[in-house]
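Visitor: predicted model, plus sequence, below.
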Amino acid sequence: MELGGAGPAAGPGPELGRGGLEALQHTVGSVLASYGWYMLLAAVAVYLLVQEVSRSLAARPSGRRGAAEAAEEPDVVVRRQEALAAARLRMQEELNAQAERYKEKQRQLEEERRRQKIAMWESMQEGKSYKGNLKLNQQEVESGASASTVPKSKPNKKPLRGGGYNPLSGEGGGTCSWRPGRRGPSAGG
């Protein structure tokens with residue numbers, strides 16, 4: 001009769017243990033069903049992290065070897081620093097040379113602008129236009145460069161329209177002729 005659990009010898013302990021175990025199984029089963037994949041992925045990530053940390057600690061040099069390398073390293077460090085300083089000095093000298101070239105070019109451009117302004121002012125004082133003076137200067141440069149001083153003539157060009165064209169007369173327009181609209185109410189009605 002102990003199967004039913006109604007007997008006085010059974011006591012409350014074993015019944016609670018069996019029920020508690022079933023409740024625990026049910027709870028663990030539901031948690032694994034809901035979050036099982038997440039827990040598996042978290043466990044794999046922790047495992048990989050532990051492996052990576054152990055590899056990095058194994059690859060790290062030991063304290064004794066680091067001290068021996070530190071004794072040899074000052075010479076290497078000094079050579080590297082000297083090479084670095086020399087490279088920086090070379091780069092600085094190159095930069096200074098470029099800056100000088102740029103300043104010289106800017107000075108020349110400023111001088112050319114000043115000359116053009118002076119030439120424009122002088123041509124305006126004489127009553128000439130600046131562009132005409134500029135063309136004159138260019139022709140002088142060309143004539144000075146070439147031996148012959150024959151001015152170039154423009155080729156005879158055919159005019160775009162005839163001499164008798166008048167847009168207001170309505171003639172010669174072809175099929176395009178404009179006529180004013182009728183006077184009076186526009187909607188008629």
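Guide: Cool, the structure landed.
Visitor: quick one: least confident helix or strand in this protein?
Guide: Using mean pLDDT, DSSP states H and E, helix 130-145 stands out as the lowest-scoring helix or strand of the chain, at a mean of 57.
Visitor: what is the longest helix belonging to the chain packed up against?
Guide: Using DSSP state H to define each element, the chain has its longest helix at helix 63-125. For helix 63-125, the elements it packs on are helix 130-145, judged by 3 or more C-beta pairs under 8 Å, 6 or more residues apart in numbering; DSSP states H and E. Just so you know, the C-beta spots here come from the backbone N, C-alpha and C atoms, and that holds for glycine as well.
Visitor: give me the domain ranges for this protein.
Guide: Per the TED database, the structural domains of the chain span 18-60, 75-130.
Visitor: to Gly163, which of these lies closest?
Guide: Closest of the domains of the chain to Gly163 is domain 75-130, at 28.9 Å (criterion: C-beta to C-beta).
Visitor: rewinding a little: could I get the domains of the chain as CSV with distance to Trp178 and mean neighbour count?
Guide: What follows is the domains of the chain, written out as CSV (distance: least, C-beta to C-beta, whole Å; neighbours: other C-beta atoms under 10 Å):
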stretch, distance to Trp178, mean neighbour count
domain 18-60, 81, 10
domain 75-130, 39, 11
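Visitor: and Lys158, helix, strand or coil?
Guide: Assigned by DSSP: H, G, I helix; E, B strand; the rest coil, the conformation of Lys158 is coil.
Visitor: check the gap between it and Ala23 for me.
Guide: As for Lys158, its distance to Ala23 is 109 Å (criterion: C-beta to C-beta, to the nearest Å).
Visitor: Leu109 now?
Guide: According to C-beta to C-beta, Leu109 and Ala23 sit 92 Å apart.
Visitor: same question, Gly164
Guide: Distance from Gly164 to Ala23, counting by C-beta to C-beta: 114 Å.
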